[in-house]
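> Sequence and predicted model, in that order:
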Amino acid sequence: MVIPPAVVSPGLDLESSFTQLLEGFGLSPGAAHLLWLPLPMLTVLVAAVVGVLVNVWLERKISAAVQQRIGPEYAGALGILQPLADGLKLLFKEDIIPARADGLLFTLGPVLVLVPVILSWLVVPFGQQLLISNVGVGIFLWIALSSIQPIGLLMAGYASNNKYSLLGGLRAAAQSISYEIPLALAVLAVVMMSNSLSTVDIVNQQTGAGILSWNIWRQPVGFAIFWICALAECERLPFDLPEAEEELVAGYQTEYAGMKFALFYLGSYINLVLSALLVAVLYLGGWGFPLPVEWIVGLTGQPIDAPLVQVITATTGIVMTVLKAYLLVFFAILLRWTVPRVRIDQLLNLGWKFLLPIALVNLLVTAGLKLAFPVAFGG
Amino acid sequence: MFGFLKKVGDYTRDAVGAANYLSQGLAVTFDHLRRRPITVQYPYEKLIPSERYRGRIHYEFDKCIACEVCVRVCPINLPVVDWVMNKATKKKELRNYSIDFGVCIFCGNCVEYCPTNCLSMTEEYELAAFDRHSLNYDNIALGRLPTSVTSDPAVQPLRELAYLPKGEMDPHGVDPSRPRAGQLPAQVLETLPKAPAAAAAAKTTAAGEETNP
């Protein structure tokens, strides 16, 4: 939680408490700060991995319920330990590199697909100061990092020494690139309204009137476009052509086994949770409760800086963000079992010929509304 | 100008229609979440096989005449009929009969063509063994009566769809004493009109009186 000194807000400041504690033990301020730095990163990393495990469990249970089955029920109560069992299984499997495959590219492919996704968790806010780093170019950083993914997909497809994997990799890269532009344009409309690329500022612009001030009311088309593009970037149905079992075996992932496959698997679910969180941040008011928290606290008469009030509001913020994200994850899982898969030409048509023009029109209309009604659309 | 606007209008209407279809589909999928799972939790729950289920073959040694029709109609000539000619009585003497269930395809041809009805198919399907040679059933093993799913105290038997009461689709939670859908022959007879039956009875008795001197 890096806070510039000029903008320290009153209330609980975990960083200064921690560094003061360590300085009390005799460490220099620099060393104390250095010891503090990994803590938020580790917390977010643990939260991301736990989020993925929960996501895998939810996917299997909800998919089973939709198909009138039961899903995992023997690995731990209600099958909660099933994702852990899956991960352990992949850890112990033999790590194969096919004969005459390019060993370096084969190994680097999943790394390039996974690392940018984990890096994007830098800018996901769970509260006013509950994020790793409030970089000024927050949301743009995520878009830029997600553009590294096609390189990894191409490496994975090409290095497999398998013509079907190559085709799968090409299709996956084409899909990823095609849906980046409408995604960026939808985000641009939101950024235009909030006058800042920082995710914290985007959420702050959606506070004030509780649920009525969320961006989804001002950007309904943008929300739809962003959600469709996010699903396409995550390669979830109906856009899972590159990794579907019936298509090209498993596309670019065919030759992967063991830990490298685990990286793809992990990356796919982390990407989904990240996209859901970013939809919550951009369109559903981030950490905002449907009723403004300041208003509720004002009713009780407590000051907003009291430590207990701070803890409760922070917890509410975290819970609301996670709730919104998992609502979207549930919607994505439901969508998976509802719609058929789109063909590659239909997929590219949708990205370039449908979503791109609509995103441009959305941007234009938002700009016009911003000029006409600056009070409502971000003066 | 208006052509363009009309195109935009059509485009929007198509998009809204597509979104409509999508939401209907999602409503169907969402509706499934409230339904009970139809999973049959084998081995704690087992389905009761139907009446004509082609399971393990049952053989009555005493009825067999060693005609070997079952061998001839079998697609792989599987049954091994071990008989010798008894010169004294001039009859075939059956020594052993065996069917190898590791090879049998359970088609039921032998059952259909047996002239003495000594072959029949039971509802047993759990024949798994650790050694494939133990699947070669001799006439003692073939003659054993089948074990039924309903007689196992550790298993809850579930009826298949055809045997469920009217309106029930899922066997879980259905009381076993409730009768299956449809009428028994006696019940069907009750629904038939009585008058033609009485006239036909009068006619047959008249014909009977004529033929009897």
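All right, it came through fine. Note that the coordinates shown come from a computational prediction; the quantities given were computed from them, not determined experimentally.
> Pick out the residue nearest the middle of chain A.
The residue lying closest to the centre of chain A (CA atoms, centre = their mean) is A:Leu274, at 1.1 Å.
> And the helix or strand of chain A with the lowest mean pLDDT, what's buried?
The helix or strand of chain A with the poorest confidence is helix A:293-300; it has a mean of 82 (mean pLDDT, DSSP states H and E). The neighbour-count check on helix A:293-300 (16 or more other CB atoms under 10 Å in any protein chain shown) flags A:293, A:297 as buried. (C-beta placed from N, C-alpha, C; glycine too.)
> same check, this time on stretch A:120-140
Buried, per 16+ other CB under 10 Å, within stretch A:120-140: A:120-132, A:134-135, A:138-140.
> try stretch A:216-230
Going by neighbour count (16+ other CB under 10 Å), the buried part of stretch A:216-230 is A:216, A:218-219, A:221-230.
> Who are the packing partners of the least confident helix or strand of chain A?
Other elements packing on helix A:293-300 under the criterion 3 or more CB pairs under 8 Å, 6 or more residues apart in numbering or on different chains; DSSP states H and E are helix A:307-336.
> State the pLDDT value of A:Tyr326.
Per-residue confidence (pLDDT) for A:Tyr326: 95.
> Surely it touches A:Trp57?
No - applying CB atoms under 8 Å, one finds A:Tyr326 not in contact with A:Trp57, separated by 11.4 Å.
> what about the two, which has more around it?
Counting neighbours by other CB atoms under 10 Å in any protein chain shown for A:Tyr326 and for A:Trp57 shows that A:Trp57 has the greater number, 22 against 18.
> and the more buried one, what is it in contact with?
A:Trp57 sits next to A:72, A:79-80, A:82-83 when contact means CB atoms under 8 Å, 6 or more residues apart in numbering or on different chains.
> Roughly how far does it sit from B:Asp100?
Using CB to CB, to the nearest Å, A:Trp57 is found at 46 Å from B:Asp100.
> next one: A:Leu282
68 Å.
> Comparing the two, which shows the higher neighbour count?
Using other CB under 10 Å, the more surrounded residue of A:Leu282 and B:Asp100 is A:Leu282, with 27 against 15.
> Now the more buried one: closest residue in space that isn't a chain neighbour?
What sits nearest to A:Leu282 in space, not counting adjacent residues and going by CB to CB, 6 or more residues apart in numbering or on different chains, is A:Val190, at 5.2 Å.
> Doesn't that neighbour lie inside a strand?
No - using DSSP: H, G, I helix; E, B strand; the rest coil, the assignment for A:Val190 is helix, not a strand.
> I'd like to know how far the residue nearest to A:Leu350 when sequence neighbours are not counted sits from B:His133.
Counting by CB to CB, 6+ apart, A:Leu350 lies nearest to A:Val342, which is 6.8 Å off, once chain neighbours are set aside. Distance from A:Val342 to B:His133, counting by CB to CB: 54 Å.
> of these two, who's got more company?
A:Val342 (18 against 8).
> Quick check: the more buried one touching A:Gly351?
No - with contact defined as CB under 8 Å, A:Val342 does not reach A:Gly351; the gap is 10.2 Å.
> Whichever residue of the stretch 201-350 of chain A sits closest to chain B: which element?
Scanning the stretch 201-350 of chain A for the residue nearest chain B gives A:Thr338, at 4.4 Å (criterion: CB to the nearest CB). Using DSSP states H and E, A:Thr338 sits in no helix or strand.
> how about low-confidence regions in chain B?
Scanning chain B for pLDDT under 70 picks out the ranges B:195-213.
> which helices and strands does the lengthiest helix in it pack with?
Assignment by DSSP state H gives helix B:2-32 as the longest helix of chain B. Counting by 3+ CB pairs under 8 Å, 6+ apart, the packing neighbours recorded for helix B:2-32 are helix A:38-66, helix A:307-336.
> Return the angle between stretch directions for the first one and helix B:2-32.
In this case it means helix A:38-66. Angle of helix A:38-66 versus helix B:2-32, following axes from the mean of the first three to the mean of the last three CA atoms, to 10 degrees, is 80 degrees.
> and the very next helix or strand once past helix A:38-66, how far from the chain's centre?
Once the chain leaves helix A:38-66, the next helix or strand it forms, by DSSP H and E, is helix A:82-92. Taking CA atoms, centre = their mean, to the nearest Å, one finds the center of helix A:82-92 at 23 Å from the center of the full chain.
> Contacts for helix A:82-92 next, please.
The contact list for helix A:82-92 (CB under 8 Å, 6+ apart) reads A:52-54, A:56-57, A:60, A:72, A:75-76, A:258-259, A:261-262, A:265.
> residues in contact with the helix or strand that that helix is followed by?
Using DSSP H and E, the helix or strand that follows helix A:82-92 in sequence is helix A:103-119. Outside of helix A:103-119, the residues within contact range by CB under 8 Å, 6+ apart are A:45, A:48, A:97-98, A:145-146, A:148-149, A:151-153, A:155-160, A:252, A:255-256, A:260-261, A:263-264, A:266-267, A:270-271, A:274.
> And those residues, which of them are buried?
Among the contacts of helix A:103-119, those classed as buried by neighbour count (16+ other CB under 10 Å) are A:48, A:97-98, A:145-146, A:149, A:151-153, A:155-160, A:252, A:255-256, A:260-261, A:263-264, A:266-267, A:270-271, A:274.
> Isn't B:Gly108 up against B:Tyr53?
No - between B:Gly108 and B:Tyr53 there is no contact under CB under 8 Å: 10.2 Å.
> what touches both of these two?
In contact with both B:Gly108 and B:Tyr53: B:Met121, using CB under 8 Å, 6+ apart.
> what's the closest non-adjacent residue to A:Pro125?
Among residues not flanking A:Pro125 along the chain, A:Leu131 sits closest, at 4.1 Å (CB to CB, 6+ apart).
> Am I right that the one you found sits in a strand?
No - A:Leu131: not assigned to a strand; according to three-state DSSP it is coil.
> Endpoints of stretch A:289-305, how far apart?
Chord length of stretch A:289-305, first to last residue, is 18 Å (CA to CA, to the nearest Å).
> Give the residue spans of chain A that score low on pLDDT.
For chain A (pLDDT under 70), the answer is A:1-12, A:244-250, A:379.
> That one against chain B: which residues are in contact?
Within reach of chain B by CB under 8 Å from any CB of the partner chain, chain A has these residues: A:62, A:64-70, A:334-335, A:337-339.
> What segments of chain B are helices?
Secondary structure of chain B (DSSP H): helices located at B:2-32, B:69-73, B:109-113, B:139-143, B:185-191, B:195-211.
> Could you dump those helices into TSV and include mean neighbour count?
Shown next, in TSV, are the helices of chain B (neighbours: other CB atoms under 10 Å in any protein chain shown):
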stretch	mean neighbour count
helix B:2-32	11
helix B:69-73	17
helix B:109-113	17
helix B:139-143	16
helix B:185-191	9
helix B:195-211	9
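> Throw those into TSV and include distance to B:Asp152, thanks.
Below are the helices of chain B laid out as TSV (distance: least, CB to CB, whole Å):
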stretch	distance to B:Asp152
helix B:2-32	32
helix B:69-73	31
helix B:109-113	25
helix B:139-143	20
helix B:185-191	31
helix B:195-211	45
